[in-house]
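[1] any chance you can model this:
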Amino acid sequence: MTVLAGMLATWYGPVFGGLFLAFPAIFPASATLIEKHEKERKERAGILQTVRGEQAAALDARGAAMGSVGLAGFAFAVWKLAPIWNGPATLFAALVVWLALSIVIWRVRRHRLSFRLRAR
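    Next up, the predicted model:
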């Protein structure tokens, strides 16, 4: 993933490549730790065959994907506002964009899930 982020930065520029820098450092480590923790917890309870660890890691991946949309909104706001506003105002506006996008995405996902569960 680190090599891919570096290649994207080389091909499309550091602004584009920078969007992918946090992924290689944080996500794989957290997904691996979540899966390991869940497997160990089930093994201590005497359950040897389980996919709970994989499901927990998949849920974390879904959250990371939704959070990436908010992060992209934050980056876009900083990119567009930094030339015309001062630093603190730009960062505050970008924070509001990130928060709004993240909440909307979370609520849409939650609404779709509850709609699916009611349809069953």
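[2] lowest average confidence, helix or strand, in this protein?
    Among the helical and strand segments of the chain, the one scoring lowest on mean pLDDT, DSSP states H and E is helix 14-18, with a mean of 69.
[3] what about residue 84, is that helix, strand or coil?
    The three-state assignment at residue 84 reads coil, by DSSP: H, G, I helix; E, B strand; the rest coil.
[4] pull the number of nearby residues for it.
    If you count neighbours by other CB atoms under 10 Å, residue 84 ends up with 8. Using the backbone N, CA and C atoms, a C-beta is placed for each residue, glycine as well.
[5] please apply the same query to the one 3 residues further on.
    Applying the criterion other CB under 10 Å, we find 9 residues in the vicinity of residue 87.
[6] how much space between it and residue 109?
    Taking CB to CB, to the nearest Å as the measure, residue 87 and residue 109 are separated by 33 Å.
[7] now do the helix or strand containing residue 96: which elements does it pack against?
    Counting by DSSP states H and E, the element that carries residue 96 is helix 87-119. On a contact count with 3 or more CB pairs under 8 Å, 6 or more residues apart in numbering; DSSP states H and E, helix 87-119 meets helix 52-81.
[8] let me know the outermost residue of the protein.
    Of all residues in the chain, residue 46 sits farthest from the chain's C-alpha centroid, using CA atoms, centre = their mean; the distance is 32.6 Å.
[9] what's it in contact with, if anything?
    Contact criterion CB atoms under 8 Å, 6 or more residues apart in numbering gives no residues in contact with residue 46.
[10] mind checking pLDDT for it?
    Per-residue confidence at residue 46 stands at 76 (pLDDT).
[11] and if you look at residue 50?
    The confidence metric pLDDT takes the value 68 at residue 50.
[12] cool, and the one 4 residues further on?
    According to the per-residue confidence, residue 54 scores 75 in pLDDT.
[13] thought it was touching residue 35?
    Yes: assessed by CB atoms under 8 Å, residue 54 is found in contact with residue 35 at 6.2 Å.
[14] neighbour-wise, which of these two wins?
    Residue environment comparison for residue 54 versus residue 35 gives the larger neighbour count to residue 35, 19 against 14, counting by other CB under 10 Å.
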